[in-house]
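Let's see this in three dimensions:
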Amino acid sequence: MAMRVLGLVFLLSAVAEADDCRDKDFALNSQEDVIAFPGFGCTQVRNLEITGDTSDLRTLGGLDRIYGSLRVVDADLLASLDGLENIAAIGTDTSGMSIVLHSVPALESVSGLCG
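Numbering: from 1, shown residues only. Below you'll find the predicted structure:
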């Protein structure tokens, strides 16, 4: 019985650790990076930057908190922030910034942030 309980504690600990990436920064520089992101198992991150040929953020739907900032910069193909609607809180980075949207010419709406 003790072995079974120990295994369960280890499993729960591993799941909790995978979900909490609050001390990690992620730079998603392509659509391939965005597609691969769920493989990290993170629901919370420190800072998230999205750049490059990113066009669809729906695979980021598992994120629920960003402790630092969300930066979307030089993402020419991104027309929507759909996929970010489950983020309940965004903090600030070391410069006091919370959300930065810069050079995102195809972006039609920020409604994806209104979850």
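
pLDDT weak spots in the protein?
1-19, 112-115 (pLDDT under 70).

all strands of it, in order?
Counting by DSSP state E, the chain has these strands, from start to end: 20-28, 44-50, 65-66, 70-73, 89-90, 99-102.

residues in contact with T51?
Contact analysis of T51 by C-beta atoms under 8 Å, 6 or more residues apart in numbering lists A27, L28, N29, V72, V73, D74, A75. Just so you know, the C-beta spots here come from the backbone N, C-alpha and C atoms, and that holds for glycine as well.

Could you rerun that using 7 Å?
T51 sits next to N29, V73, D74, A75 when contact means C-beta atoms under 7 Å, 6 or more residues apart in numbering.

Was I right to think R46 contacts D25?
Yes: shown here, R46 and D25 form a contact pair, counting by C-beta atoms under 7 Å, at 5.3 Å.

Which parts of the protein are helices?
Listed in chain order, the helices of the chain (DSSP state H) span 2-19, 31-36.
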